[in-house]
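Novice: Let's see this in three dimensions:
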Amino acid sequence: MGVECRYELAQAAYVKLALHALKHPAAAVNGLLVGRLLDSAASPAVVSVVDAVPLSHQPHHLPLLPTLELALTLVEDHFAAQGLAVVGYYHANARRDDADLPAVAKRVGDHIFRYFPRAAVLLLDNEKLEKVVKGNSRDAVVQLYTRDSSKSWRQAGSDGSSQLSLKEPSTNVVLADHVTTKKWQQVVDFDDHLDDISKDWLNPSLLG
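Specialist: All right, here's what the predicted structure looks like:
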C-alpha cells in the first residue's frame, strides 16, 4: 500500500521526535506517530502525521509488547476525540552511523499495520540530524519506510523524498532554534512517565 500513499509530516511531530533522539544521543529511542488519512479516494492518498508521542529510550523496553499495547491504548484513547489515530512509528538507532531499520521497528510497524494499513515507519538519520542542528542542512532527518505486498518494510524511493514531505518549509530552522534553547531537555517519553507519573507523556508545553 505504501506506493499508493504520500505522507505529510507536521512540524510538531518532526521536531518532537528529533528532540527525543537528541535527549538520548547514546540510546535507541522510539515513539508513535499520530495523524489521519486525509482522503482515501485521492490518488495518491495522503496521510497527515500531526503529532509524535515519545515512547522509550531504554533498549529492554523497546520490544516489549505489553508496554507497547498499553501505550497504544492510551494514545488512541486520548487522540480519538480529535479524529486522530496511530498511523505509524519512529525509531532512532543508538549508533550515529547505523542507518539500518532494526527488527524491533519492523515488528512494531507490523503491529500498527494491522490497525492502520497505510502505516509508516520513520527511521531517524543521526548524521543528517547533526547537520540540521548545526544549521548546515535543510534535508529531512528521517527516512520513510512502508510495507510492500510481500510484507517487507522498504525505504520509499531512493531517499523517501517523493512520498514524504515536511508540511512547513521552515521546520528545520525551528528545530535548530529549539536545540539552541535546549528544549530537548524537557522531552518526556513513556518510560519517564512510568518512572514518575507526574511527568506528562503528551508533552503539552514542549513546543508552546
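
Novice: Show the pLDDT at residue 50.
Specialist: Looking at residue 50, its pLDDT reads 97.

Novice: what number of residues lie near it?
Specialist: 19 (other C-beta atoms under 10 Å). Where you see a C-beta, it was placed from the backbone N, CA and C, and this is true even at glycine.

Novice: Tell me how far the helix or strand where residue 66 lies lies from the chain's centre.
Specialist: Residue 66 is part of helix 65-80, with elements assigned from DSSP states H and E. Here the centre of helix 65-80 is set off from its chain's centre by 15 Å, with C-alpha atoms, centre = their mean, to the nearest Å.

Novice: which residues does the most centrally placed residue in the chain contact?
Specialist: The residue lying closest to the centre of the chain (C-alpha atoms, centre = their mean) is residue 90, at 3.3 Å. By C-beta atoms under 8 Å, 6 or more residues apart in numbering, the contact set of residue 90 is 17, 30, 31, 32, 33, 52, 121, 122, 123, 124, 142.

Novice: Report how many residues lie close to the fourth one.
Specialist: Looking back up the chat, that one is residue 32. Applying other C-beta under 10 Å, we find 25 residues neighbouring residue 32.

Novice: Surely it and residue 53 touch.
Specialist: Yes: taking contacts as C-beta atoms under 8 Å, residue 32 lies within contact range of residue 53: 4.5 Å.

Novice: tell me, what's touching those two both at once?
Specialist: Shared contacts of residue 32 and residue 53 (C-beta under 8 Å, 6+ apart): 71, 75.

Novice: about what we covered before: excluding residues flanking it in the chain, which one is nearest the residue nearest to the centre of the chain?
Specialist: residue 122 (4.3 Å; C-beta to C-beta, 6 or more residues apart in numbering).

Novice: repeat for residue 162
Specialist: What sits nearest to residue 162 in space, not counting adjacent residues and going by C-beta to C-beta, 6+ apart, is residue 156, at 7.0 Å.
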